[in-house]
Structures are given as C-alpha cells and as structure tokens.
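fold the following, please.
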Amino acid sequence: MTSPAPDAPAAPRGPGFPEFVCLIAMMMALNALAIDSMLPALPMIGEALGVARENDRQWIVTAYLLGFGGAQIIYGPLADRYGRKPVLMVGIGLYVLFSALAAFAPTFGLLVLARVGTGLGAASLRVLAVSIVRDRYSGRTMARVMSLSFLVFLGVPILAPSVGAAILTVGPWPWIFGLLAAAGAAVMLWAAIRLPEALHPEDRLPIDARRIGGAFREAVTNRQSIGYTLAMTAITGALFGFINSSQQIFADVFDAEAAFPLVFAGIASGIAAASLLNATLVVRLGSRLLSHSALLAFTAVAATHALVSALGFETIWTFAILQGLTMFCFGFVAGNFGSMAMEPMGHIAGTASSAQGFISTTAGSLIGFLIGQQFAGSATPMAAGIAACGATAVVFVLIAERGRLFRAHHQPVHAPAG
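Numbering: from 1, shown residues only. I've put the predicted structure just below:
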C-alpha cells in the first residue's frame, strides 16, 4: 500500500474539506458548550434543587471536568483497537444520554452524577477529533484543518454564557441541558452518516497493558514532559478557578448578573485573540521566550488583581480589565506548554497526550474547585488563587528547563529523564 503525499488526504471518502472542518470544529465545540452555557443558570439550579451553600453549585462544573479529564486515558487505546468511529459513537452517545438525564434530574446529587457522565462522553471528542484529523490529513493540510477548527472552538466559550442566558429568557434551566443533548445528537447523526472509519484495519493495535503502562510511565518520568504537564495543570486550575467563581462574583460582589455574559465574552475573547496571535509570534520568538514571558506576566497581573481587590478598590471595570489581561496571558501559555510537553514524546504521542490530558484536566479541575470554594463575598480569593497557580507553574517550568527560563535546551527525544 502506497503512502499519501505529505499534504494529500489520506482518505478520499467522506465529507469534503469544508464539511470535514466544520464537523471536527463542532465535535470540539460540544465540550466548551457543556462547561460555559450553564454558568448563568447556576443560581436557578441551586434554588430549584435545594442547594444550601452557594459554593456547592460549583460541582455542576467540576463534576463535568472530572469526568472529562478522567476518561481521556482510556479513549486512545480503545480507538487504536476498535477504530475511531465506533468509539466516537459511544462517546457522543454518552454525552447525549447524560445531558438528557441532567435535564430531568430530580435531585442535585443525581444532577452531579449526570454531569460526570456527560464529561465521560465528552472526553472522546477531545481525543478522537485530533486522531481523526491525523488519520485523514498530514503536513500543512493537517495544520490547516486544526487551525480552522480551533477558530470555531475559540468562539464557543465567548458565546456560550450568552446562549445560556438567552435560553433562560424563554424557558427554564433544564432547557440548557436539553440544548446540549440536542447538539450532541445532531453531531452524532452527522458523523454517523458522513464520517467514514479513518483507521485502516491493518493499523489497529491490540490493547497491551504492558505497552500502555510503559508509555504512561515514560510520559510521567521524562523531565520536560512531566514538568510542562504539571505547569499546564497549575494554569488549568487557574482557568477553572475563574470559571467556578465568575458567576458568583458578578451576582454577589457587583450585583450585575445581567452584565455577566457580556464581560465573560470579553475575557474569553482575550484568550482567543492571544491564541491566534501566538500562532504568528511563536515563529519569530520561539515557544519558550513567548510562553515563559507570558507566564511571568500572568502571575504578576493576577497578583496585582488580588492586591487591588484586597485593598477594596475592586470594581466591575478593574475586574474586567485585570482578569482580561490575565486570561490574555493564559492564551500565550496554554498551547505552547502543551506543545513543549509533547516535544520528547513523539514516539508515543497518542498515549502521552492521553496521560498529559488526564493529569492536567483532572488535577486542574480539583485545583479550580478548591479556588472556587474559597469565595466569600469578594474576588480576592479567586485572584490570589490564580496568582498562586502562576507561581507554581513557574516552579514546574524551572524544573522542566533545569533552572533556565527563555532558552531552549536539547535532550534526546527517546530518552526519559532520570
């Protein structure tokens, strides 16, 4: 069997290029929609289901993230063994089923369990979207597909709270979970009809616990891989801390719930803008100079925000500006840290990516939950928690880079650090 040209499609069947990009983008977007669309509804959900402590409403976000992070470790091996499409269908099916169950949950405990199940299904979307693109395209065409899909993905967090708020103007909060189920069912039907199996039968791999365990062990013992994975975990915790706290801050600190979707969109736009700008600047400046500088700025701005809030100078404007700057810096850090964590893992890319995603999302969601639980009527705990996450990430970067910032160093690609 002859290999396709570097930039040629590996599989001519199925949707054309524009449709394929849209399908992959929608698969990626379902995750962001499941996190952010319900933020405006948290007070209503808590009141309807008898949640006594306001901070406990944050479990609606955290439960989803724990399911999403925990399941990433299993989808890669399953997709390599049974093919992309059947595993994808099962994953989206779980997303649809548990989103529908969340809409009808009679108690808060059952809602939290349904959110864990939704996250378990959504994890397949993260793992398989990249795998399917890699199977079908390579070289610059693959990069183009991912870039175009990512543009759509970046837009969803900006619009999702506004979508949730719009639904609440015409219906009760369960309709938001109904929207997730409907969107997941639409993507599932689209993929079932139009997406062919991307993995050739001869390329399927048996599930070998020893091989998978060895690859996982290498991913968590290589200095650069684990250093940047833990740094990514820290800043992911900062992001989730912001998401967990933001709705309560607008409702209880600023008494401005109506402004929440708009300001949240502005802050999320900062992440999107930085991510797009990063694609240009990283070629000129290099990933280390750009991301290390952005991490230091991220930590400094968050610490400034914590000081402003602690001294009683916080307003909705200072919050929007300082948090927007913090998340703008985040946009330069996240993608580069993920890329540098994968640099020495090319020979076990699939398993390493699953291991790194499992660690950063699961531990990051717990860190974000811990930050959110400190809310007590001001933005100070959130800002201080984000600053602490930034400082912790600096420590892990120094470990990954053997005490040096801004400068690249070279290490053998296949040799895990001792």
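
can you name the element that comes right after the worst-scoring helix or strand of the chain on mean pLDDT?
Within the chain, no helix or strand scores below helix 139-170, which has a mean of 79 by mean pLDDT, DSSP states H and E. On the C-terminal side of helix 139-170, the closest following helix or strand by DSSP states H and E is helix 174-194.

who touches that next one?
Helix 174-194 is contacted by residues 14-15, 19, 23, 26-27, 30, 33-34, 37-38, 41, 85, 88-89, 92-93, 95-97, 99-100, 102-104, 118, 121, 163-164, 167-168 when judged by CB atoms under 8 Å, 6 or more residues apart in numbering. In short, each C-beta sits where N, CA and C put it, glycine included.

buried subset of the residues you listed as a ChimeraX selection?
Buried residues within the contacts of helix 174-194, by 16 or more other CB atoms under 10 Å, are selected in ChimeraX with:
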select :14,15,23,26,27,30,33,34,37,38,41,85,88,92,95,96,97,99,100,102,103,118,121,163,164,167,168
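
L307 is in contact with A379, correct?
No - checked against CB atoms under 8 Å, the pair A379 and L307 is beyond contact range at 11.4 Å.

these two - which one has more neighbours?
A379 (26 against 15; other CB atoms under 10 Å).

quick one: residues contacting that one.
By CB under 8 Å, 6+ apart, the neighbours of A379 are 245, 249, 253, 305, 309, 314, 319.

swap in 7 Å and give it another go.
249, 253, 309, 314, 319 (CB atoms under 7 Å, 6 or more residues apart in numbering).

now do the buried residues in stretch 296-316.
296-306, 308-309, 314, 316.

oh, I was asking about stretch 192-200
195, 197-199.

tell me the pLDDT at P381?
pLDDT, P381: 96.

I316 versus that one, what's the distance?
18 Å (CB to CB, to the nearest Å).

try R126
Counting by CB to CB, the gap from R126 to I316 is 33 Å.

over to I167?
Per CB to CB, I167 is found 24 Å from I316.

what do you get for I348?
Computed as CB to CB, the I348 to I316 distance reads 47 Å.

do L88 as well
42 Å.

likewise for T141?
Distance, T141 to I316, by CB to CB: 45 Å.

what's the answer for L295, then?
27 Å.

which stretches of this structure have low pLDDT?
1-13, 138-140, 142-143, 146-147, 150-151, 153-154, 346-347, 349-350, 408-418 (pLDDT under 70).

mind checking how far stretch 44-53 is from the chain centre?
Distance of stretch 44-53 from the chain centroid (CA atoms, centre = their mean, to the nearest Å) equals 27 Å.

using PDB, write out every CA atom in it.
Provided in PDB are the C-alpha atoms of stretch 44-53 (Å, rounded to 0.1, in the frame of the first residue of the first chain):
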ATOM      1  CA  MET A  44     -31.700  28.900  39.400                       C
ATOM      2  CA  ILE A  45     -30.400  25.300  39.500                       C
ATOM      3  CA  GLY A  46     -29.300  25.700  43.100                       C
ATOM      4  CA  GLU A  47     -32.600  27.200  44.200                       C
ATOM      5  CA  ALA A  48     -34.700  24.500  42.300                       C
ATOM      6  CA  LEU A  49     -32.700  21.600  43.700                       C
ATOM      7  CA  GLY A  50     -32.300  22.900  47.300                       C
ATOM      8  CA  VAL A  51     -28.600  23.600  47.300                       C
ATOM      9  CA  ALA A  52     -28.000  25.200  50.700                       C
ATOM     10  CA  ARG A  53     -24.500  26.500  50.200                       C
END
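
now the helices for the protein?
In the chain, the helices defined using DSSP state H lie at 17-36, 42-48, 59-82, 84-103, 108-136, 139-170, 174-194, 209-221, 223-248, 260-285, 287-310, 316-342, 349-373, 380-400.

buried deepest among those, which one?
Among the helices of the chain, the stretch with the highest mean neighbour count (mean count of other CB atoms under 10 Å) is helix 223-248, at a mean of 25.

what helices or strands is that helix leaning on?
For helix 223-248, the elements it packs on are helix 59-82, helix 316-342, helix 349-373, helix 380-400, judged by 3 or more CB pairs under 7 Å, 6 or more residues apart in numbering; DSSP states H and E.

tell me how far that helix is from the chain's mean position?
Helix 223-248 has its C-alpha centroid displaced from the chain centroid by 10 Å (CA atoms, centre = their mean).

next: stretch 127-138.
Worked out by CA atoms, centre = their mean, stretch 127-138 lies 18 Å from the chain centre.

do stretch 218-231 as well
19 Å.

if we can go back for a sec, ok, the buried residues of stretch 192-200 vs R284, which is closest?
In terms of CB to CB, no member of the buried residues of stretch 192-200 lies closer to R284 than A198, at 34.4 Å.

ignoring the adjacent residues along the chain, who's closest to that closest one?
What sits nearest to A198 in space, not counting adjacent residues and going by CB to CB, 6 or more residues apart in numbering, is D135, at 3.6 Å.

picking that back up, now render the buried residues of stretch 192-200 as CSV, adding distance to A387.
Putting these into CSV (distance: CB to CB, whole Å) gives the following:
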residue, distance to A387
L195, 44
E197, 47
A198, 43
L199, 44
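
out of these, which one sits closest to N222?
Distance to N222, by CB to CB, is smallest for L199 among the buried residues of stretch 192-200, at 26.9 Å.

I'd say the closest one and R84 touch.
Yes - with contacts defined as CB atoms under 7 Å, L199 counts as touching R84 at a distance of 5.3 Å.

show me whatever sits in contact with both of those two.
With CB under 7 Å, 6+ apart, L199 and R84 have common neighbours D135.

could you chop the protein up by domain?
Here the domain assignment for the chain is 14-207, 208-418, based on automatic domain parsing.

endpoints of the shortest one, how far apart?
Between the opening and closing residues of domain 14-207 there is a gap of 28 Å (CA to CA, to the nearest Å).

for stretch 77-86, same thing?
Stretch 77-86 end-to-end distance (CA to CA) = 13 Å.
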